[in-house]
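Participant: please work out how this folds:
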Amino acid sequence: MPGTLVSRVRLRRTEERKRVNQREKIMAGVVGGVALLWGGNTAKTQYVETLEQLDRQIESKTRELKEVEHNQEAANKGILEWDAFGSHTLSMDTSEAKNLLRRELLALTDRTGLGEDSHVDLQQVSSWSKSKIRLLGASVKAEGKLDVIAQFLFQLHRQPYQIRCKRVTLTPRIEQERKGRSKPRYAPKENPHMSLTVDLDTPILPPLTKIEKIKPVNLDRDPEGGRQEVSRRLRFQALAEYTNINSARFHPFIPPPPPPSKATGPTPANNAPNVAVNTTLKWKPGARTQTHLIYFSKDRDLKEAVATQPAATFKPSETLAQNETYFWRVDEKGVSGTTRGDVWRFTTVKPGQKPVETQPEQKTEPPKPTPPPADADMIVRGLLSGPLGQQVVLQAPRKKTDKRVEVGDEIFGGTLILVHSTGAVSERSDGSRRFHAVGEPLKQGQPLTEEEHPVVYHELAKLEQRAMSINKQPG
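Facilitator: The predicted structure follows:
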C-alpha cells in the first residue's frame with residue numbers, strides 16, 4: 001500500500017514536470033518570435049534609412065556633376081570667345097603691341113597721304129576692368145586736307161584689329177599775311193589744310209591659366225595693299241557709300257494736333273430741375289472737334305451712344321417722361337482721337353407744374369492770381385551782421401538806392417527770419433519758407449528744403465532748437 005502511494009506521487013510529479021516543460025517551450029517560442037519580429041523591424045528601418053541616405057547622396061552628387069558640367073561648358077565658351085576676341089588684338093605682350101601699333105598707324109598715315117609731318121605718341125598702358133584687360137592708348141597728330149583726313153579716319157575704322165577713337169580734334173590752319181609796306185598789319189590767309197589730333201586706344205589681353213597665348217591678328221596685306229579681313233564692326237565697304245547719307249532727303253517732323261477739348265456749357269445746365277419734356281440738348285463744342293458722340297439715358301452708366309453727328313444740338317426721339325432724371329454726355333471726336341466728356345444730369349418737370357426756361361451752365365472763372373509783393377524785383381545785394389542785429393541790403397533793379405531789412409521786418413510778403421552768408425530766409429503766414437540767394441531778385445527765391453539748401457536748413461533748425469530750450473527754462 002505504501003509503495004503504491006509513492007508510485008502515484010512520483011507519477012504525478014513526472015506529469016507536472018512534463019506540463020511545466022511544455023509551457024516553458026511555448027513561452028520560449030513566443031519570446032523568440034517576438035524577438036525575431038522586433039529584430040526584423042529594426043533591420044528594415046535601418047535598411048530604409050540607408051536607402052534614403054544613399055538617394056540623398058546620389059542627388060547631391062548629381063547636382064555637383066551638373067554644376068561641374070555647366071562650369072566646364074561656360075569655361076569652354078569663354079575660351080572660344082576669348083580666343084575669338086584675341087584674334088582681333090595686336091599682341092598679348094605690351095612691348096610688341098606698342099611697336100606694332102606705332103608701325104601700323106604711321107603706315108596708315110603714309111598710305112592715305114597725310115604727309116611726312118605725321119607722328120604717333122604712345123601712352124601708358126592702363127587697366128580697364130576686373131578681367132585685367134589693358135588698354136594701350138595713342139595719339140596721332142597730322143596735317144592735311146579734309147578729304148584726306150576723312151579717308152584716314154575711314155581706313156582707321158576698317159583695320160583688322162580692335163581700335164577705339166575716343167576723341168577727334170580738327171583745327172583750321174590760319175596763316176598771317178602781311179598787308180602793306182608801311183604798317184605791320186596782318187590778315188588771315190586761307191589754308192585748305194587742317195590740323196588733326198586723334199586720341200585712340202586698343203585692348204591688350206592678359207595671359208590666363210587656360211589660355212597662355214592667343215593667335216593675334218593677321219596684319220598681312222593682299223597684293224593690292226588692302227587687308228585680308230576687317231575687324232567686326234558696323235561699317236560701309238567704301239567711303240563713297242557715306243555720301244548717300246548726306247544726299248538723303250529728310251522730311252521735317254510735324255507733330256499731330258492734340259485731341260479735342262471737352263464739350264462745355266450744357267443746356268439744360270447740370271443738375272437743372274423742372275426741365276420741359278420736349279427740351280433740346282445743346283452744348284459748346286470743344287476745340288478741334290469734328291463730330292459729337294451723344295450718350296443719353298436714364299442709366300448713369302451711359303453704355304452706348306445714341307447718335308453721332310456734327311451739330312452741337314440733340315433732340316431726343318421720344319417725349320421725355322415727367323418727374324424723371326436723365327443723364328447725358330458728349331464725347332468730342334477729332335483727328336487725334338476722342339475726348340470723353342463729363343456726365344450731366346437734369347430732372348424733368350413734375351405733373352401740374354410749369355417747366356422753367358433752360359439756361360446754359362455758367363462757367364465760373366478761376367480766381368485771379370495774387371499779385372507779387374512790391375519788393376519782388378529788388379535784388380539781394382549784401383548782408384550785414386553786427387552786435388546790434390542782422391540786415392539784408394536790397395537794391396531796386398534800375399536805382400542806386402538801397403533798402404535795409406532787419407531780422408523780424410517784412411520782406412517779400414513775409415518776415416525775415418535768418419541772414420546767412422549765402423542769402424536770407426523769409427517766412428510767410430502759412431509757414432512756408434523761401435531762400436533768397438545773394439545777387440538774385442527776391443522773386444527768384446526757392447522753397448527752403450533740406451535737399452536744396454542743407455547748410456541753411458540745418459542752421460535754422462539749430463537756432464529754433466536753441467530758442468525752444470531757452471523758452472523752456474524756468475524764470
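Participant: residue boundaries of the helices in the chain?
Facilitator: 2-86, 94-112, 146-157, 243-247, 454-472 (DSSP state H).
Participant: closest one to residue 292 among these?
Facilitator: helix 243-247 (47.9 Å; C-beta to C-beta). C-beta here means a position set from N, CA and C on the backbone, and glycine is covered the same way.
Participant: if you average pLDDT over the closest one, what comes out?
Facilitator: Taken as a whole, helix 243-247 has a mean pLDDT of 46.
Participant: quick check, pLDDT for the residue lying closest to residue 134 once chain neighbours are set aside.
Facilitator: Of all residues not flanking residue 134 in the chain, residue 204 sits nearest, at 4.4 Å (C-beta to C-beta, 6 or more residues apart in numbering). The model reports residue 204 with a pLDDT of 82.
Participant: just the CA atoms of stretch 192-204, as PDB, please.
Facilitator: Written as PDB, here are the backbone C-alpha positions of stretch 192-204 (Å, rounded to 0.1, in the frame of the first residue of the first chain):
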ATOM      1  CA  PRO A 192      43.000 124.300 -97.200                       C
ATOM      2  CA  HIS A 193      45.000 122.100 -94.700                       C
ATOM      3  CA  MET A 194      43.700 121.300 -91.200                       C
ATOM      4  CA  SER A 195      45.500 120.000 -88.100                       C
ATOM      5  CA  LEU A 196      44.200 116.600 -86.900                       C
ATOM      6  CA  THR A 197      44.600 115.000 -83.500                       C
ATOM      7  CA  VAL A 198      43.100 111.600 -82.900                       C
ATOM      8  CA  ASP A 199      43.100 110.000 -79.400                       C
ATOM      9  CA  LEU A 200      42.600 106.300 -79.600                       C
ATOM     10  CA  ASP A 201      43.300 103.000 -77.700                       C
ATOM     11  CA  THR A 202      43.400  99.300 -78.400                       C
ATOM     12  CA  PRO A 203      42.900  96.400 -76.000                       C
ATOM     13  CA  ILE A 204      45.700  94.000 -74.800                       C
END
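Participant: now do that stretch: distance to the chain's middle.
Facilitator: 34 Å (C-alpha atoms, centre = their mean, to the nearest Å).
Participant: so which bits of it are buried?
Facilitator: Using 16 or more other C-beta atoms under 10 Å as the test for burial, stretch 192-204 gives 193-194, 196, 198-204.
Participant: again with stretch 296-309
Facilitator: Buried, per 16+ other C-beta under 10 Å, within stretch 296-309: 296, 302, 307.
Participant: contact partners for the residue nearest to the last one when sequence neighbours are not counted?
Facilitator: Here the nearest residue to residue 307 in space, its sequence neighbours aside, is residue 294; by C-beta to C-beta, 6+ apart that works out to 4.5 Å. For residue 294, the residues meeting the contact criterion (C-beta atoms under 8 Å, 6 or more residues apart in numbering) are 281, 305-309, 314, 328-330.
Participant: could you redo the last one with a cut-off of 6 Å?
Facilitator: 306-307, 314, 330 (C-beta atoms under 6 Å, 6 or more residues apart in numbering).
Participant: one more: residue 53?
Facilitator: With C-beta under 6 Å, 6+ apart, residue 53 has no contacts at all.
Participant: give me the pLDDT for it.
Facilitator: For residue 53, pLDDT reads 88.
Participant: what do you get for residue 190?
Facilitator: What the model reports as pLDDT for residue 190 is 55.
Participant: and stretch 415-424, average pLDDT?
Facilitator: 89.
Participant: re the thing from before, of all the buried residues of stretch 296-309, which comes closest to residue 72?
Facilitator: residue 302 (67.0 Å).
Participant: next up, the contacts around that closest one.
Facilitator: 295, 327, 329.
Participant: hey, what's the second one bridged with?
Facilitator: Beta-bridge pairing of residue 327, defined through DSSP bridges, involves residue 297, residue 345.
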